[in-house]
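Enquirer: Test case, fold it:
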Amino acid sequence: MKSMEVEAARQQAVLAAINARDTDCGVAGFSGHPERALSGLAIYRANAAALAERSLGAAFPTLQRLLGADDFKHMAREFWRDDPPRKGDVGLWGEALPVWLRAHRGLAPWPYLGDSAELDWLLHCNERAADSTFDAASMSLLEAHDPEHLRLLLMPGTAVFASRWPVASLHAAHQAGANGFDAVRDAIAAQRAEAVLVARRGWRGVVHSIDAGTCAWSRDLLDGASLGAALARATSGFDFTAWLSRALTEGWLQGVLLEPETAG
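Expert: Down below sits the predicted model:
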């Protein structure tokens with residue numbers, strides 16, 4: 001076996017041992033001193049667990065407060081074992097956590113945790129999105145062209161989420177501090193559904209509460225629908241003028257794009 005293949009095999013064995021649930025797993029594959037291998041694996045695992053907790057804590061602050069420090073630490077370590085990072089940038093790790101939480105039998109009594117984590121992740125991704133500026137000149141296209149040939153572009157990182165739980169209220173409670181969650185207990189008990197739009201304000205992601213019609217409209221735009229198609233599918237109570245005013249005020253809109261007409 002070539003030296004590079006030997007090194008690759010060694011690294012694979014180390015990763016497998018770090019992520020293994022059995023303390024002695026993988027040690028037999030290392031030549032030399034097994035006691036040193038066990039000691040080294042313990043250090044690697046401790047560092048991996050601490051990294052998991054720090055990384056997920058930065059990406060999921062609302063979830064961390066909901067679970068509490070100790071339970072969040074144990075959750076982070078368990079998630080690391082089940083779905084370890086596959087990329088060098090651990091800031092990209094955690095996308096699968098909301099689904100993992102929803103499927104976790106031990107967390108079934110708290111079914112809102114997965115949706116709360118999903119909102120945290122949308123905010124995390126929003127703050128990592130590319131910077132952009134509003135193209136004010138493009139607004140003139142709205143008066144000059146058929147809506148079927150126009151697209152409204154939202155700022156990079158913008159996302160919408162319709163939850164059957166009060167995710168916006170839970171996030172606001174996290175912002176309010178230690179006693180903030182007491183105020184949303186009734187909303188959780190009533191399973192009050194909330195929809196949100198996540199957009200950047202400066203360098204921070206912001207949660208905007210929206211109604212179901214605005215959520216569906218915004219999702220259409222994010223999916224690339226033309227202005228004409230989005231208007232045709234909008235709910236009966238949707239007010240485009242009011243939405244446009246809010247989008248401009250809140251900084252949701254990147255600009256208007258004129259699509260080339262196609263023959264036929």
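Enquirer: secondary structure element for residue 98?
Expert: Using DSSP states H and E, residue 98 sits within helix 97-103.
Enquirer: Give the buried residues for that helix.
Expert: Residues 97, 98, 100, 101, 102 are the ones in helix 97-103 that count as buried (16 or more other CB atoms under 10 Å). In short, each C-beta sits where N, CA and C put it, glycine included.
Enquirer: Residue 99 contacts residue 117, correct?
Expert: No. Between residue 99 and residue 117 there is no contact under CB atoms under 8 Å: 9.2 Å.
Enquirer: if I look at residue 72, how far off is residue 225?
Expert: Going from residue 72 to residue 225 by CB to CB, to the nearest Å gives 39 Å.
Enquirer: Would you map the helices across the stretch 1-150 of the chain?
Expert: Secondary structure of the stretch 1-150 of the chain (DSSP state H, counting those that start in this stretch): helices located at 3-19, 34-59, 61-67, 69-82, 97-103, 113-128, 141-144.
Enquirer: Can you report how many residues neighbour the closest residue to residue 83 other than its chain neighbours?
Expert: Take residue 83 and drop its neighbours on the chain: the residue closest to it by CB to CB, 6 or more residues apart in numbering is residue 96, 5.3 Å away. Around residue 96 sit 12 other residues, with neighbours defined as other CB atoms under 10 Å.
Enquirer: From residue 169, how far out is residue 96?
Expert: From residue 96 over to residue 169 (counting by CB to CB), the distance is 25 Å.
Enquirer: hmm, back to that, just the buried residues of helix 97-103 now: which is nearest residue 138?
Expert: residue 98 (34.7 Å; CB to CB).
Enquirer: Adjacent strands (with direction) for the helix or strand hosting residue 199?
Expert: Element membership for residue 199 (DSSP H and E) is strand 194-201. Next to strand 194-201 in the sheet, as set by DSSP bridges, lie strand 159-163 (antiparallel), strand 204-210 (antiparallel).
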